[in-house]
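**Student:** this one's sequence-less:
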Ligand SMILES: Cc1cc2nc3c(=O)[nH]c(=O)nc-3n(C[C@H](O)[C@H](O)[C@H](O)COP(=O)(O)O)c2cc1C
């Protein structure tokens, strides 16, 4: 069995949006969102390089990567640390590109980044320290985002 449990895999598939941290050559961080963040298998996450030149350049020099995925309604998520491989051609690249095309992705994919997950930890908001149940946290943030986007 791999490091990614069924529960975690379902979470990643549902959330889709991951924040991807890489290391620049000068040691500074680079962080950018990837809406194609998904699960490949029990040990690997992946995302598509559609327009992420900084991330790809950094990973070419240093494959260290961290991915954070947080559900903004329930204020929980996971952080994953690992090592990335960049796929630009070949059978596995074609297979993963087909996977994205089959999900209806209209993008032109330059590279696939496959991440071997080596460390994983849950992320949980301090709001849970107050004893607030998840259903109430969800209602609170659903109301908030409704108010933002419906101008209530
Ligand atoms: C919500 C959201 C989702 C995104 N998803 C992706 C993605 O899956 N793949 C990608 O290449 N760019 C994606 N982008 C665009 C990159 O994050 C953006 O081009 C970024 O500046 C790339 O930075 P980088 O070159 O440092 O990686 C997304 C942007 C947003 C706001």
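**Tutor:** Done, it's in. Here the structure is a predicted model, which means the values were calculated and not measured.

**Student:** the longest strand in the protein is where?
**Tutor:** The residue-count maximum for a strand in the chain (DSSP state E) belongs to strand 111-124.

**Student:** and that one, what does it pack against?
**Tutor:** strand 44-49, helix 53-61, strand 64-71, strand 76-87, helix 91-102 (3 or more C-beta pairs under 8 Å, 6 or more residues apart in numbering; DSSP states H and E). (C-beta placed from N, C-alpha, C; glycine too.)

**Student:** now with 7 Å?
**Tutor:** On a contact count with 3 or more C-beta pairs under 7 Å, 6 or more residues apart in numbering; DSSP states H and E, strand 111-124 meets strand 44-49, strand 64-71, strand 76-87, helix 91-102.

**Student:** okay, the angle between it and helix 53-61?
**Tutor:** Strand 111-124 runs at 100 degrees relative to helix 53-61, counting by axes from the mean of the first three to the mean of the last three C-alpha atoms, to 10 degrees.

**Student:** residues of whatever helix or strand comes next after strand 111-124 that come out buried?
**Tutor:** Going down the chain from strand 111-124, the next helix or strand is helix 134-149, by DSSP states H and E. Burial within helix 134-149, assessed by neighbour count using 16 or more other C-beta atoms under 10 Å, is assigned to 137, 141.

**Student:** the residue in the chain that the ligand sits nearest to: neighbour count?
**Tutor:** Closest to the ligand within the chain is residue 54: 2.6 Å, counting by C-beta to the nearest ligand atom. Residue 54 is flanked by 13 other residues according to other C-beta atoms under 10 Å.

**Student:** leaving out chain neighbours, which residue sits closest to it?
**Tutor:** Here the nearest residue to residue 54 in space, its sequence neighbours aside, is residue 30; by C-beta to C-beta, 6 or more residues apart in numbering that works out to 5.2 Å.

**Student:** show me what contacts the residue nearest the centre of the chain?
**Tutor:** Geometric centre of the chain, nearest residue: residue 18, 2.5 Å, by C-alpha atoms, centre = their mean. Shown in contact with residue 18 (C-beta atoms under 7 Å, 6 or more residues apart in numbering): 34, 37, 47, 67-69.

**Student:** fine by me, we can end here.
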